[in-house]
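**Student:** Provide a 3D model corresponding to the input given below.
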Amino acid sequence: MKRLAILLAVIVCLWPGAPRAASFSMEQAVSRALEVNPTVQSKLLMLERARMNVGVAQSYFWPRVSLVGSHNVLKNKKDVQTYSSDDMTSKSWSQGVRLTLSLFAGFAHLNNLQKSLLQTDVEDARHRQARLELVTNVQLQFLALLQARENLSTAEESARRIRKQLEASEAFVRVDMAPYANVLQNRVELSRAQQEVIRCRNDIRNAEVQLNRYLGFSPNERVTYTGRLRDFDGTVSYTEEQAIKTALYSRPDLIVAQKSVAVAFKDVHIAMGEFLPRVDASYDDMRYSKDFDDRRYHDYTRSYWAIGLNFSWDIFSGGSAVFNTLAERNRARALQKDYEDAMAGARTDVIKAMLDMDAARELITTTRYGVDSARENYAMSQKRYMTNIGTVTDLVDAQVRLTEAERDASQALAGYHSARARFYFNIGRENPGLK
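**Tutor:** Numbers count the residues shown, from 1 in each chain. Below you'll find the model as predicted:
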């Protein structure tokens, strides 16, 4: 029966239709999220829209071809003497092709083309910004999951140690070598450790649900996220000057701010173009027919072409052009100030990220030393208690400090890698695997 059960288990695992949990490392999780995330896809579609708008702006430099036609009925209310056949009751038709070409529009077409090219750069930077934010969010959530797993391991190990202490206390009580209060104190500590285990498992589940959302899975989807905090051994080789320089040239949000200023000044030039004249050229190739009700006049049909040059200049428009130009100029200046503030903020973000990494690196060294000391202290306290030299209070205190030291060590390691993830975000570079 045992062999049959093993065989059935193997068949179930190898059966093609059996459900298998997907497995993702951090880098694979980031790659999957970038493929399916709706926000990133939305920004990509907006980028394609901006590229299409470039074609729209270019189209104004080409002639417009139109099919034109008309049908008119002229009916006199009473018979009167007329001196031209054009005044007689009649029906007329016209149809043909018309070509129009804008020769000058106050540089509006040129500025619109340049604006659409700049807008493409803006949407491209927004797409990169969405990718960068998603990469960082997935990495931070992944690190939170790994830290929660480390905390769970620490909590379970703490519960195991307390159970051993409880067993020793109960043994001492049975032979009248220790008071019953020792048993009660260990039971209280065991209850706290079990509560911490429950909280850690809940943190793990919450982190997995959030990662499932980023990767496009349902909350209850069976997904395995692999890795440990100590697996990420990458370092940051940027100096402060290099990091700031990279951020100023690579951060998508700064590119958006810079290009938005350029777009705003193009709007200023477009508004100023309202002060200039408009010149259009047109060509008509037409066929005209006229049918008179009075039979004394003969119907006729003729074909003709016509070419013309149209000129218009709005000398006064109630001040709308002036106020529109001033409004667009103030908007451009405001965006320029926002861009300068964003530049200063980017420098601060980079410096703070590097300071956080330095502090986290020092914490890793300190907490590792603290774990070694706490383990030695716990071993000594346990030995003293087992030989009935030390008190249960000393043992419990040593156990609590060991648990805290282990938790601080994993938190310091997670904090360092989280600081690295935020650093790459602040300089505008993608590093999916935190290498």
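**Student:** Any regions of the stretch 1-150 of the chain where pLDDT drops low?
**Tutor:** Flagging of the stretch 1-150 of the chain using pLDDT under 70 yields the residue ranges 1-21, 80-83.
**Student:** Show me where it has its helices.
**Tutor:** Secondary structure of the stretch 1-150 of the chain (DSSP state H, counting those that start in this stretch): helices at 2-14, 26-36, 38-59, 108-174.
**Student:** Summarise which helices and strands the third one is packed against.
**Tutor:** Just to be clear, that refers to helix 38-59. Judged by 3 or more Cβ pairs under 8 Å, 6 or more residues apart in numbering; DSSP states H and E, helix 38-59 is in contact with helix 108-174. Glycine gets a C-beta too; all of them are placed from N, C-alpha and C.
**Student:** Next SSE downstream of the helix it packs on?
**Tutor:** Sequence order places helix 180-214 as the next helix or strand after helix 108-174, per DSSP states H and E.
**Student:** could you dump the helices of the stretch 1-150 of the chain to TSV with distance to residue 251?
**Tutor:** Output for these, formatted as TSV (distance: least, Cβ to Cβ, whole Å):
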stretch	distance to residue 251
helix 2-14	48
helix 26-36	18
helix 38-59	16
helix 108-174	8
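**Student:** could those helices go into CSV alongside mean neighbour count and distance to residue 360?
**Tutor:** Formatted as CSV, the helices of the stretch 1-150 of the chain follow (neighbours: other Cβ atoms under 10 Å; distance: least, Cβ to Cβ, whole Å):
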stretch, mean neighbour count, distance to residue 360
helix 2-14, 9, 41
helix 26-36, 19, 18
helix 38-59, 14, 29
helix 108-174, 20, 12
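**Student:** Out of the ones you listed, the one nearest residue 404 is which?
**Tutor:** Closest approach to residue 404 among these is made by helix 108-174 (9.2 Å; Cβ to Cβ).
**Student:** Number of residues surrounding the nearest residue to residue 95 once chain neighbours are set aside?
**Tutor:** Counting by Cβ to Cβ, 6 or more residues apart in numbering, the nearest residue to residue 95 once its immediate chain neighbours are dropped is residue 69, at 3.9 Å. Burial of residue 69 is recorded as 10 neighbouring residues (other Cβ atoms under 10 Å).
**Student:** ok, residue 69 touching residue 94?
**Tutor:** Yes. If you go by Cβ atoms under 8 Å, residue 69 and residue 94 touch, sitting 6.4 Å apart.
**Student:** where do the contact lists of the two overlap?
**Tutor:** In terms of Cβ atoms under 8 Å, 6 or more residues apart in numbering, residue 69 and residue 94 are not both contacted by any residue.
**Student:** about what we covered before: which ones are touching the residue nearest to residue 95?
**Tutor:** Shown in contact with residue 69 (Cβ under 8 Å, 6+ apart): 93, 94, 95, 96.
**Student:** who wins for most neighbours among these?
**Tutor:** Ranked by neighbours (other Cβ under 10 Å), those are led by residue 96, which has 18 neighbours.
**Student:** hang on, isn't that residue packed against residue 286?
**Tutor:** Yes. Counting by Cβ under 8 Å, residue 286 is a contact partner of residue 96 at 3.5 Å.
**Student:** So for those two, which residues contact both of them?
**Tutor:** Common contact partners of residue 96 and residue 286 (Cβ under 8 Å, 6+ apart): residue 68.
**Student:** Find the nearest non-adjacent residue to the residue most central in space within the chain, please.
**Tutor:** The chain has residue 130 as the residue nearest its centroid, 2.3 Å off, counting by Cα atoms, centre = their mean. In space, and not counting its chain neighbours, residue 130 is closest to residue 43: 4.4 Å by Cβ to Cβ, 6+ apart.
**Student:** The one you found is in contact with residue 132, isn't it?
**Tutor:** No. Using Cβ under 8 Å, residue 43 is not in contact with residue 132; the gap is 11.0 Å.
**Student:** on that earlier part again, for the residue nearest to the centre of the chain, give me its contacts.
**Tutor:** Contacts of residue 130 (Cβ under 8 Å, 6+ apart): 37, 39, 40, 42, 43.
**Student:** how about a cut-off of 7 Å?
**Tutor:** 39, 40, 43 (Cβ atoms under 7 Å, 6 or more residues apart in numbering).
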